[in-house]
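Trainee: Sequence and predicted model, in that order:
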Amino acid sequence: MKRDNYTKIIATIGPSSSDYKTIKALFKAGVDVFRLNFSHGTHEDHAERHATIRKIEEEEGRPIGILADMQGPKLRIGTFHRGQETLKRGQKIELHLSKFVGDVTKVSLPHKEIFAAIKPGEDLLVNDGRLRLKVEENDGKVITAKAVNGGMIADRKGVNVPGTVLPINILTKKDREDLEFALSLGVEWIALSFVQTPDDIHKARHIIKGRARLLAKIEKPSAVNNLNGIVGLADAVMVARGDLGVEMPAEHVPQIQKKIITACRREGKPVIVATQMLESMISEPVATRAEASDVANAVYAGADAVMLSGETAAGKYPVEAVRTMERIVDATERDPDFDNILHATPMEIEENDSDAIASAACDVARTRGCAAISTFTKTGSTVRRVSRLRTLVPVLGLTPDATVARQLCLTWGVHSVKTRDDVENFSDMVGKSTRIARREKLAKNGDRVVITAGVPFGTAGSTNILRVAVVGEHEHSGEKFR
C-alpha cells in the first residue's frame with residue numbers, strides 16, 4: 001500500500017481501538033506508526049496489540065512502525081480528609097515531605113526531589129496548572145507556598161515544577177519493567193518522558209543498549225532550554241504540547257513548536273507534533289476549524305509526523321479521526337504554495353559525502369522530473385539525510401533489515417521496503433531499484449528514478465554513488481529480488 005502523503009500519521013491504541021478490525025481500519029485509513037501508551041493498560045494488553053499489528057503488517061505486506069511510550073515519573077500531592085479543598089487567592093499552604101492526610105492548611109508532597117531542588121520565588125503547579133503556588137520557604141522538609149490564584153486542590157492531583165531541573169531518575173521502576181517488556185516484544189521506538197537534559201538521553205541509551213531507537217519527548221521548559229543537545233543525541237523528538245502548555249504560557253507553545261521542528265529538520269531527526277490535534281473528535285464525529293488549522297500548520301512547518309492520542313485510544317470515532325487527519329494532511333500538501341512554504345528556511349548541506357549525494361539526488365530528481373529517489377540503506381541514515389531536504393519526490397528506502405524498514409515509517413516522504421537481499425553490484429542496484437519502484441507504484445515504465453548507494457555494497461555509512469535509471473530498461477528478467 002503506497003501512501004500519497006509525505007507527512008506520517010501516528011495513532012495511539014487504547015480501549016476504543018484494540019481489536020483486529022479497528023486496528024486494520026486505522027492502518028487502511030492512513031496510520032503509519034502505532035503508539036502503545038504504557039501509562040495505561042497491562043503488559044498482556046500491549047502484547048496482544050503488538051501481535052495484532054504484526055499480523056496486519058504481514059497481511060498487507062507493508063512495514064508498520066510501533067512506538068512504546070514510557071509513562072515517566074508522576075509527581076502528585078497526597079490526600080485530604082474531605083477529598084479536596086479550595087484555596088483562596090493569597091492563602092498559604094504547607095507541603096510536607098512526610099505522609100499524612102491533609103487539610104486546607106497543609107498536605108503531603110512525598111517527593112524528595114522537589115524539596116532538594118525548588119527555591120523560594122519558584123512556582124509549583126497543581127491540577128494541570130489550574131492552581132499556581134508561589135514558594136516562599138523550603139527547609140528541606142516543609143515548603144511554605146502562597147496561592148497565586150484561587151482554585152481547587154484534591155487528592156493525588158499532579159504537580160508540575162516548571163522552573164526547576166529536578167534531580168530525578170526519568171526511568172522509574174515501572175518504566176524499567178515496561179521498557180524491558182516493550183523491547184522483548186521488538187518495538188522499533190522507545191519514547192522517553194520527562195526529559196530535562198542531554199544526560200537523560202545518555203542514561204536511557206545505556207539501558208536500551210541499541211535494542212530500539214530513542215525518541216525524546218519535549219514537555220518541560222528545561223528540555224526546551226537544552227534543545228540542541230537533546231536533539232543531537234536523540235534519534236527522534238516529540239513536541240509534547242500537553243505538558244508544555246501546562247508548564248509554559250500557552251501563547252509561547254506555537255513558537256516553541258516551530259523552534260523544535262526547525263532544530264530537528266536541521267539535524268535530520270524525525271519530529272512528531274502531538275497532543276490535542278483533533279481533541280474534539282474524542283466525542284464528536286467532525287473536527288473544528290481550529291483543529292484543522294493546527295494540523296495544517298504542523299504540516300506546513302515540515303513535521304515528519306502528526307499524532308492522535310485520546311482521539312483513537314479512547315474516543316468514539318477513532319477511524320474517522322484518522323481519516324480526517326489524512327484529509328487535512330493531503331489538502332495541505334496539495335497547496336500550490338506548499339513547496340515554497342516548506343523551504344522558506346533552507347537546510348544547510350554538511351561537508352560530507354552522504355549529504356552531498358543526498359542534495360545532488362534531490363536536485364537531479366527535481367530538474368529531470370524523476371518519479372522517485374531510491375536509496376539503499378543499512379541503518380536508515382542516508383534515507384533520513386535525503387528526507388530532511390523535503391523534496392516533493394517520493395523517497396524509496398530499500399533495506400534488508402525489517403527493523404530499519406519499520407523505523408523509516410516515521411520519516412517524512414519515505415516509502416520503506418524490506419528487501420530479501422542486499423545489492424551485490426551495480427547491475428543489481430539498478431534492476432532492484434526500478435523493479436521495486438514500479439511494483440510499489442511509485443513509477444511506471446519509462447519514468448526516471450534517481451538511485452543512491454554506497455561502495456563497497458552493504459557497508460553502512462558509505463553512500464557515494466548516484467545513478468539515474470529508466471524504469472523498464474536493462475532490468476534483469478524474473479523477480480530475483482523483492
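Mentor: That came through, no problem. Numbers count the residues shown, from 1 in each chain.

Trainee: per-domain residue ranges of the chain.
Mentor: The chain breaks down into these domains under automatic domain parsing: 8-72+170-333, 79-160, 353-470.

Trainee: possible to save those as a markdown table with mean pLDDT?
Mentor: Shown next, in a markdown table, are the domains of the chain (pLDDT from 0 to 100):
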| stretch | mean pLDDT |
| --- | --- |
| domain 8-72+170-333 | 97 |
| domain 79-160 | 95 |
| domain 353-470 | 91 |
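
Trainee: So the residue of the chain most remote from its centre versus residue 37, what's the distance?
Mentor: Centroid-distance maximum for the chain: residue 105 at 41.6 Å, with CA atoms, centre = their mean. Using CB to CB, to the nearest Å, we find residue 105 at a distance of 37 Å from residue 37. The way it works is simple: take the backbone N, C-alpha and C, and place the C-beta from them, glycine included.

Trainee: How is residue 363 assigned, secondary-structure-wise?
Mentor: helix (DSSP: H, G, I helix; E, B strand; the rest coil).

Trainee: whoops, residue 276 was the one
Mentor: Recorded secondary structure, residue 276: coil (three-state DSSP).

Trainee: gap between it and residue 32?
Mentor: 20 Å.

Trainee: so who does residue 374 touch?
Mentor: 396, 398, 433, 434, 436, 437, 449, 450, 451, 452 (CB atoms under 8 Å, 6 or more residues apart in numbering).

Trainee: These in helices, which ones?
Mentor: 433, 434, 436, 437 (DSSP state H).

Trainee: Take those residues and write them to a markdown table, including neighbour count and distance to residue 410.
Mentor: Output for the ones in helices among the contacts of residue 374, formatted as a markdown table (neighbours: other CB atoms under 10 Å; distance: CB to CB, whole Å):
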| residue | neighbour count | distance to residue 410 |
| --- | --- | --- |
| 433 | 29 | 23 |
| 434 | 26 | 26 |
| 436 | 22 | 21 |
| 437 | 28 | 21 |
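
Trainee: Nearest to residue 464 among those?
Mentor: For the ones in helices among the contacts of residue 374, the minimum distance to residue 464 (CB to CB) is 16.2 Å, reached by residue 433.

Trainee: residue contacts, the closest one?
Mentor: Residue 433 neighbours (CB under 8 Å, 6+ apart): 374, 376, 396, 398, 449, 451, 469.

Trainee: Now the element after the helix ranked longest in the chain, going C-ward?
Mentor: Across the chain, the longest stretch assigned as helix under DSSP H is helix 43-60. Proceeding N to C from helix 43-60, the next assigned helix or strand is strand 65-69, under DSSP states H and E.

Trainee: Summarise which helices and strands that following strand is packed against.
Mentor: strand 33-37, helix 43-60, helix 173-185, strand 189-192, helix 402-407 (3 or more CB pairs under 8 Å, 6 or more residues apart in numbering; DSSP states H and E).

Trainee: so residue 18, which of the three states?
Mentor: When classified by three-state DSSP, residue 18 comes out as coil.

Trainee: Just to check, it is in contact with residue 47?
Mentor: No. Using CB atoms under 8 Å as the test, residue 18 is too far from residue 47 to be in contact (11.6 Å).

Trainee: Show me what residue 126 bridges to in the sheet.
Mentor: residue 131, residue 159 (DSSP bridges).

Trainee: ah, wrong one, I meant residue 397
Mentor: residue 375, residue 416.

Trainee: Tell me if I'm right that it and residue 377 touch.
Mentor: Yes. Judged on CB under 8 Å, residue 397 makes contact with residue 377 at a distance of 5.9 Å.

Trainee: list residues touching both of these two?
Mentor: Here residue 397 and residue 377 have residue 383 as joint contacts, going by CB under 8 Å, 6+ apart.
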